[in-house]
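**Q** Sequence and predicted structure, then a few things I'm wondering about:
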Amino acid sequence: MDLARTEVRPRQGVRNAAARLGLVAVPVAFFAVFFAYPVAAIVTRGLRAGGTWQLGRITDVLAQPDIRHVLWFTTWQALVSTALTLLVALPGAYVFARFDFPGKQVLRAVVTVPFVLPTVVVGTAFLALVGRGGLTDDLWGVRLDTTVWAILLAHVFFNYAVVVRTVGGLWAQLDPRQEEAARMLGASRRKAWRTVTLPALAPAVAAAALMVFLFTFTSFGVVQILGGPTFSTLEVEIYRQTSEIFDLSTAAVLTLIQFVAVGAVLALHAWTVRRRETALRLVDASMTARRPRGAGEWGLLAGVVGSIAVLLFLPLAVLVQRSLDAPGFGYYRALTRGDGGVFLVAPIEAVGNSLEYALAATAIAVAVGGLAATALTRRDAGRFVRGFDALLMLPLGVSAVTVGFGFLISLDEPPLDLRQSWILVPLAQALVGVPFVVRTMLPVLRAVDHRLREAAAVLGASPWRVWREIDLPMVRRALLIAAGFAFAVSLGEFGATVFIARPDNPTLPVAVARLLGRAGDLNYGQAMALSTILMVVCAVALLILERLRTDRTGEF
């Protein structure tokens, strides 16, 4: 019997090692070919000439006053955007975590809609609200477009859900009896919150702040539309240097700077997430929510709902209203006609193109992200596999403009000559979708009792059969949610797609940007109409996800 066991263990070890390698191989190959290679290609093209590296170019670029101004503004606006988002959204996180009220789940889903909207739509919505002929212009003669206030407000609008989901998800699981015990021992309400609840929430607040900083530090579509020629972030400057000035060396230096900054932020974020996962003892979120009590709590609920209505609903409502300005749905009807100026086809065809691309990108993201999440949850995962978790987040922070342009200059030779292939767009979109798939599936996969997998393996089940019969039934719902998020973010990807979408097959975000780039009320109205269509598709997808969702914790 002992001899049989000693023979089984080496075989089991070999099978486990092979399973680890198989799970990681596809995600590693995908990111190596379609992320690391294009980024490295454009950096090499910019900093290498005549076979030698021109590293002195880095100091030359940093010595330019306009580049230093871009770096300063990028950092400054990200810090201010993060502080404003926390200030506005933390009361909302508390309300969604601790209060139970009619329409809570629908409101929670709607609050998340801005986050999955393309940044182009967010910029367009605020352009309709505070730009030329917008609501503030009509009522008070005040225009905020091309000012930093429009950018900051749009960033709060976009990232409100990050704080509500990240902080509120943890807050709902904190046992309120701990704070009540402190009050029974004589502490005031403020002191009990400061000494008991705030330290427990600190890792989640830090994680949310870092994610908001990451998204605003790399902001592109919002700044491109609302900032005009006055304001430029690193991402916008990379786009300008690449597509307008054709200065690849400067773009390469800015890409490296952004890469270093994003890497530091992601390292901090990973550390705060580990603290949150290991330092707290949590309870069922359904046990902590209750109806508001007293005038103060009802007033807080009313204030949060009011702020959501003004900050989140109003820009979207104005966007819809602007799309209906022309009599008889004139702007929508104009989408069915092509004028040959902006597009080679009718703008409405961008809807079908986007849906097809997003479906393909979702399939890729689910396959790659599912394998990566499974590898990260294995108990025998090595240090390399655990480190790969942080690398999976890089596409969210590294310049999408760099990735898109890198696709053009690197995937142009056999066997990877994909410049004329339709698959190029879904591949770029899938890079953004994979991190959401991993983040959605990881908590559920980690909750599966590893002893079930081990028992199945001892009984002779292969790793594939263990996944099919143990993991898949338990994570099927999470898999659907992950696919939904991947679909929504793929639908709205803009930074990379703007380079690689062909004129005869534009996506919705690219079509909106091109229409806004041309003068005339008809082009402006069509941009509003396309943005409204894109917003409705994203909102419907998110509401369906919220109906599927049973676990109310986690970030997304």
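**A** Noted; the coordinates are in hand.

**Q** Flag the shaky bits of the stretch 1-150 of the chain, pLDDT-wise.
**A** Scanning the stretch 1-150 of the chain with the threshold set as pLDDT under 70 gives 1-22, 50.

**Q** what separates stretch 29-46 from the chain centre, distance-wise?
**A** Averaging C-alpha positions (CA atoms, centre = their mean, to the nearest Å) puts stretch 29-46 21 Å from its chain's average.

**Q** Next, the buried residues of that stretch.
**A** Across stretch 29-46, burial judged by 16 or more other CB atoms under 10 Å covers 30-31, 34-35, 38-39, 41-43, 45-46. All C-beta spots, glycine's among them, are computed from the backbone N, C-alpha and C.

**Q** ends of that stretch, how far apart?
**A** End-to-end distance for stretch 29-46: 25 Å, by CA to CA, to the nearest Å.

**Q** Now do Pro315: how many residues are near it, please.
**A** By the criterion of other CB atoms under 10 Å, Pro315 has 24 neighbours.

**Q** list the contacts for it?
**A** By CB atoms under 8 Å, 6 or more residues apart in numbering, the contact set of Pro315 is 122, 125-126, 128-129, 157.

**Q** follow-up on the earlier one: which of the buried residues of stretch 29-46 lies closest to Thr507?
**A** Taking CB to CB as the measure, Thr507 lies nearest Phe34 of the buried residues of stretch 29-46, at 17.7 Å.

**Q** Next, please give the residue ranges for the helices of the stretch 451-556 of the chain.
**A** Taking DSSP state H, counting those that start in this stretch, the helices of the stretch 451-556 of the chain run over residues 463-466, 472-492, 497-500, 508-516, 521-548.

**Q** Please identify which of those is closest to Leu248.
**A** Among the helices of the stretch 451-556 of the chain, the nearest to Leu248 by CB to CB is helix 497-500 (13.4 Å).

**Q** Run through the neighbouring helices and strands of that closest one.
**A** In terms of contacts (3 or more CB pairs under 8 Å, 6 or more residues apart in numbering; DSSP states H and E), helix 497-500 is packed against helix 400-410, helix 424-447, helix 508-516.

**Q** Which among those helices is found nearest to Pro203?
**A** Ranking the helices and strands packed on helix 497-500 by their distance to Pro203 (criterion: CB to CB) puts helix 424-447 first, at 15.5 Å.

**Q** Need the CA coordinates for the closest one. CSV is fine.
**A** What follows is helix 424-447, C-alpha atoms only, in CSV (Å, rounded to 0.1, in the frame of the first residue of the first chain):
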residue,chain,number,x,y,z
LEU,A,424,-6.9,43.2,-34.5
VAL,A,425,-9.6,45.3,-32.9
PRO,A,426,-11.0,42.5,-30.6
LEU,A,427,-7.4,41.7,-29.5
ALA,A,428,-6.8,45.2,-28.4
GLN,A,429,-10.2,45.3,-26.6
ALA,A,430,-9.6,42.0,-24.9
LEU,A,431,-6.4,43.3,-23.3
VAL,A,432,-8.6,45.7,-21.3
GLY,A,433,-11.3,43.1,-20.6
VAL,A,434,-8.9,40.4,-19.2
PRO,A,435,-8.2,42.3,-15.9
PHE,A,436,-12.0,42.6,-15.2
VAL,A,437,-12.5,38.9,-15.9
VAL,A,438,-9.7,38.0,-13.5
ARG,A,439,-10.9,40.4,-10.7
THR,A,440,-14.5,39.1,-11.0
MET,A,441,-13.7,35.4,-11.0
LEU,A,442,-10.8,35.3,-8.4
PRO,A,443,-13.0,35.8,-5.3
VAL,A,444,-15.4,33.1,-6.3
LEU,A,445,-12.6,30.6,-7.3
ARG,A,446,-10.8,31.2,-4.0
ALA,A,447,-14.0,30.4,-2.1
